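with the input below, show me the fold.
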Amino acid sequence: MKTVIVCDAIHSIGFELLNKEDDIKVIDAVDVPKDKLLDILGEADVAITRSSTEINEAFLNAGKNLKAIVRAGVGVDNVDIDGCSRRGIIAMNVPTANTIAAVELTMAHMLSAARSFPYAHNDLKQNRTWKREKWYGVELFGKTLGVIGFGNIGSRVAVRAKAFGMNIIAYDPYIDPSKVIDMGGVYTTNFDDILACDFITIHTPKNSETKNMIDTEQIAKMKDGVRLINCARGGLYNEDALLAGLKSGKIAFAGIDVFSKEPATDHPLLDLNNVSVTPHLGANTLESQANIAREAAEQAISAARGISYPNALNLPIKTEDLPPFVEPYVELTSKMAFFAAQINKKAIKSIRIETEGAIGEYAKSLLTFAIVGALKETYDDGINYVNAKFLCEEKGIATDAESVPESGYKNKITVKITTDSDVISVGGTVFDDKDPRIVSINGFKTDFKPKGKMIVFKNNDIPGVIASISAILAKENINIADFRLGRGEYGKSLAVILVDEKISKDVIAKLNELEACNWVAYAVL
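So this is what the prediction gives:
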């Protein structure tokens, strides 16, 4: 039994997912005072936090059994990542769950900046003043939008701005220029091109490179009447310089959702009448909060079980530094290896991964994740990303990674685990750069998401097998969520049956007694 402590408020769906797992104990510490929280951290294996909880030295010292921390959101300003690393605690965040919410809030601020909407609204509603001539704005159509940071959020803002008829110029030294060019924008490496735009919006993380990225010097280079948006992180625009620019009229309007210090209830920007402000609402939609809670809970469950660590910020391989197409393969590789080890619970002699396509460049790095996934079943908390290869050497387990000719997939990884009695081979790929799938097991073609409870059943390909399996499961009141069947040569088939309930050893034994059964296994991902 592993323990997950929830330190800050999350959407109820997160608690629902955590409480469904019979190997997870949940501590609801949402309403526990922060000074009292330290007293109950000791029994937790994984902590879910938001911005209200400081992950500092005191927190980490109190959480003496912590293996992982999930920051339910994008920003990790309140997480001592170096401190986590020194203690062997893996820090994760949820970087994409609130993408659409942040994109749409950016567009709301952009429209407010163009039409002074909040002030026209207040003038009519509160002052009961009908002065249309007072509220002349500008149109987005035909204007040029400078986008600083062209990742998940910045690129989607550009698409929506393009739909308004805006011209797009993007600055991001870390992307392939084709990402901008293909959507009809202009990619630039000259920051002055951004400063010459009519509207500017920023979508970068906050670090030493981006803090005060827009300061007095940059504002001086901008055109008179520029409009600025910041729905990313407080401090990307120097707030003193922003204030001066707004007061002078150099900046016509600003839309601000984030501040250097929050809550910002007495900030001087609030005194100006050419600023639209919101109290850090980038993730505040019902859909976004549900997505964040869902992803945070799923990550916590995987981390508690030691299966995988999605969006980890302090692994030996920094997933945030990998090309976007590689990141999903990190988790997929670990899960496939864990899946293979559950199918054949024998002593492992070797762990090998084979790669097809461009993913092959990262084969040796991904091998570490395959090792941890494969040995988790045997060594539990005794295996981690630091000691993985050393443990293999100590136990005489051979490891290898190799690129092989393509078999029809753009990118594919196959994990091969050799045990005392067999070789288990599990292949997977990622569709559309975000949809991981297991597509082969021991040469049988299949297609399913590496998630959930599943029975793997190899049998002689004869009539009545599916009906026999269904009858046993129905008698045990076990619901079948999905049934994937792969047919091979020599009259054999392999089924992957996704179920809603946990499968007992007795059920596996009954399935194994079926005349057509070659072997059956149960796995949880």
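
contacts for the lengthiest helix in the chain, please.
Counting by DSSP state H, the longest helix found in the chain is helix 286-305. Under the criterion C-beta atoms under 8 Å, 6 or more residues apart in numbering, residues 2-4, 10-15, 17-18, 21, 23-24, 45-46, 48, 67-68, 70, 72-73, 90, 92, 94, 97-98, 100-101, 283, 308-311, 331, 376 lie in contact with helix 286-305. Yep, even glycine has a C-beta here, placed from its N, CA and C like the rest.

now it: buried residues?
288-305 (16 or more other C-beta atoms under 10 Å).

and what of stretch 64-78?
For stretch 64-78, a neighbour-count test (16+ other C-beta under 10 Å) marks 66, 67, 68, 69, 70, 71, 72, 73, 74, 75, 76, 78 as buried.

what's the first-to-last distance across it?
Criterion C-alpha to C-alpha, to the nearest Å; first-to-last residue distance in stretch 64-78 is 19 Å.

tell me the average confidence for that stretch?
Taken as a whole, stretch 64-78 has an average pLDDT of 89.

where in the chain is the helix or strand with the lowest mean pLDDT?
Every helix and strand of the chain was ranked by mean pLDDT, DSSP states H and E. The lowest is helix 388-395, at a mean of 79.

count of residues packed around residue 501?
For residue 501, the neighbour count with other C-beta atoms under 10 Å is 14.

swap that for residue 133, please
5.

ok, residue 221 next?
For residue 221, the count of nearby residues is 12 (other C-beta under 10 Å).

surely it meets residue 195?
Yes - between residue 221 and residue 195 there is a contact at 4.5 Å, judged by C-beta atoms under 8 Å.

over to residue 110: give its phi and psi.
Main-chain dihedrals, residue 110, degrees, to the nearest 10: phi -70, psi -40.

how about residue 54: what's its closest non-neighbour residue?
residue 78 (5.3 Å; C-beta to C-beta, 6 or more residues apart in numbering).

show me where the stretch 401-525 of the chain has strands.
With DSSP state E, counting those that start in this stretch, the ranges of strands along the stretch 401-525 of the chain come out as 412-419, 423-431, 435-441, 444-448, 453-460, 480-487, 492-499, 517-524.

parallel or antiparallel, list what pairs with the first one.
Next to strand 412-419 in the sheet, as set by DSSP bridges, lie strand 348-356 (antiparallel), strand 423-431 (antiparallel).

can you give me the buried ones in the last one?
Buried residues in strand 423-431, counting neighbours by 16+ other C-beta under 10 Å, are found at 424, 425, 426, 427, 428, 429, 430.

try stretch 205-222
Buried residues in stretch 205-222, defined by neighbour count with 16+ other C-beta under 10 Å: 205, 206, 210, 211, 212, 213, 214, 218, 219, 222.

which of the residues you listed sit farthest apart?
Based on C-beta to C-beta, the longest span within the buried residues of stretch 205-222 runs between 205 and 222 and measures 22.9 Å.

re the thing from before, now the longest helix of the chain against strand 517-524, angle please.
Using axes from the mean of the first three to the mean of the last three C-alpha atoms, to 10 degrees, the interaxial angle of helix 286-305 with respect to strand 517-524 works out to 110 degrees.

I'd like the average pLDDT over helix 286-305.
pLDDT averaged over helix 286-305 gives 95.

quick one: distance of it to the chain centre.
With C-alpha atoms, centre = their mean, to the nearest Å as the basis, helix 286-305 stands 9 Å off its chain's centre.

pull the CA atoms of it into CSV?
Extracted C-alpha coordinates of helix 286-305, given in CSV (Å, rounded to 0.1, in the frame of the first residue of the first chain):
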residue,chain,number,x,y,z
LEU,A,286,-13.9,24.1,-14.9
GLU,A,287,-12.4,22.1,-17.8
SER,A,288,-8.9,23.1,-16.9
GLN,A,289,-9.2,22.3,-13.2
ALA,A,290,-10.6,18.9,-14.0
ASN,A,291,-7.8,18.2,-16.5
ILE,A,292,-5.2,19.3,-14.0
ALA,A,293,-6.6,17.2,-11.2
ARG,A,294,-7.0,14.2,-13.5
GLU,A,295,-3.4,14.4,-14.8
ALA,A,296,-1.9,15.1,-11.3
ALA,A,297,-3.7,12.1,-9.8
GLU,A,298,-2.6,9.8,-12.7
GLN,A,299,0.9,11.0,-12.3
ALA,A,300,0.8,10.4,-8.6
ILE,A,301,-0.5,6.9,-9.0
SER,A,302,2.2,6.0,-11.5
ALA,A,303,4.9,7.6,-9.3
ALA,A,304,3.6,5.8,-6.2
ARG,A,305,3.8,2.5,-8.0
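
next structured bit after that helix?
Following helix 286-305 in sequence order, the next helix or strand is helix 327-343 (DSSP states H and E).

and that next one, average pLDDT?
92.

show me the contacts for the residue nearest to residue 54.
Contacts here follow C-beta under 8 Å, 6+ apart; on that basis residue 78 touches 49, 51, 53, 54, 55, 71.

mind doing that once more with 7 Å?
Contact partners of residue 78, counting by C-beta atoms under 7 Å, 6 or more residues apart in numbering, are 51, 53, 54, 55.

for residue 436, name its beta-bridge partners.
residue 430.

that one contacts residue 428, doesn't it?
Yes - applying C-beta atoms under 7 Å, one finds residue 436 in contact with residue 428, separated by 6.4 Å.

quick revisit: could I have the buried ones of the contacts of helix 286-305 as ChimeraX selection syntax?
The following ChimeraX line selects those of the contacts of helix 286-305 that are buried, judged by 16+ other C-beta under 10 Å:
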select :2,3,4,10,11,14,15,17,18,21,24,45,46,48,67,68,70,72,73,90,92,94,97,98,100,101,283,308,309,310,311,331,376
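
in helices, which of the contacts of helix 286-305 fall?
Per DSSP H, those map to helices at 12, 13, 14, 15, 17, 18, 100, 101, 331, 376.

picking that back up, can you list residues touching both of residue 436 and residue 428?
With C-beta under 7 Å, 6+ apart, residue 436 and residue 428 have common neighbours 332, 450.

which of the contacts of residue 78 sits closest to residue 442?
Closest approach to residue 442 among these (C-beta to C-beta): residue 55, at 42.8 Å.

how many residues are close by that closest one?
Neighbour tally, residue 55, other C-beta under 10 Å: 23.

let me see the backbone angles for it.
phi -90, psi 80.

can you give me every residue that contacts it?
49, 69, 78, 79, 80.

just the closest of these to residue 467, please.
Nearest to residue 467 among those, with distances taken as C-beta to C-beta, is residue 69, at 47.3 Å.

what is the burial count for residue 505?
8.

over to residue 168?
For residue 168, the neighbour count with other C-beta under 10 Å is 22.

dump the contacts of residue 78 to JSON lines, plus secondary structure.
JSON lines is the format used below for the contacts of residue 78 (DSSP: H, G, I helix; E, B strand; the rest coil):
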{"residue": "51", "secondary structure": "coil"}
{"residue": "53", "secondary structure": "coil"}
{"residue": "54", "secondary structure": "coil"}
{"residue": "55", "secondary structure": "strand"}
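
which ones are touching the nearest residue in space to residue 500 that is not next to it in sequence?
Of all residues not flanking residue 500 in the chain, residue 479 sits nearest, at 4.4 Å (C-beta to C-beta, 6+ apart). By C-beta under 7 Å, 6+ apart, the residues touching residue 479 are 499, 500, 501.
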